[in-house]
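Asker: Everything below, folded, please.
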Amino acid sequence: LVPMVAHLNEVRLTLEALARARQQLDEAGHAYGAYDVGAMIEVPAAAISIDSFLKHFDFVSIGTNDLIQYTLAIDRADEAVAHLYDPWHPAVLQLIWKTITAARAAHRNVCVCGEMAGDPAFAELLLAMGLRSFSMVAKGLADGLTGSADPRDWNYWKREPLAYASELLATKRSSQAIDA
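Answerer: Down below sits the predicted model:
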């Protein structure tokens, strides 16, 4: 899993380094197993360039904590601006949507890791966007599924992902307006 990739040249260099390592293992007579190479999509440049990246990787993992932080130029550890950290920001959601749909169209596995994966409201939204793989702490699994629609219900899977995601966002925005 290649972290913080932003440039196609980084992809090329990484794959060349892996090829050199395989060659060295072969020359030394060391056995190694098959492996998949994936990329962390955690900077906006990677999400925007996802179509090019998917040609070189077997899977991608969306690192939502960093993606949100870098998209919004917010250091969530800095108390002065941490309140501006907004996982519901349309730019963030658009980058996530673009990554999920591109990966699915390219028949590549895609998962989400980060706090967003364990949040029940986001779990439902990510499912609606077409995501089927979540990486989270074990406690997050139970929390993430509590309150989301029942995925055993056939009607759940028949929904049009983008339309359903839009419904969820409208509901979220309405509840935020009421809370304000």
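
Asker: hey, let's count contacts and neighbours off CA atoms from now on
Answerer: OK.

Asker: residue nearest the centroid of this protein?
Answerer: Ile62 (2.2 Å; CA atoms, centre = their mean).

Asker: residue contacts, that residue?
Answerer: Contact analysis of Ile62 by CA atoms under 8 Å, 6 or more residues apart in numbering lists 40-42, 96, 99, 110-113.

Asker: Just the closest of those to His83, please.
Answerer: Glu42 (20.2 Å; CA to CA).

Asker: Run the chain-centre distance for whichever helix or strand the residue nearest to the centre of the chain is part of.
Answerer: Applying DSSP states H and E as the criterion places Ile62 in strand 59-63. Relative to its chain's centre, strand 59-63 lies at 5 Å (CA atoms, centre = their mean, to the nearest Å).

Asker: after it, next one along is what?
Answerer: Assignment by DSSP H and E places the next element after strand 59-63 at helix 64-72.

Asker: For that following helix, which helices and strands make contact with it?
Answerer: Applying 3 or more CA pairs under 8 Å, 6 or more residues apart in numbering; DSSP states H and E, one finds that helix 64-72 contacts helix 44-48, helix 90-105.
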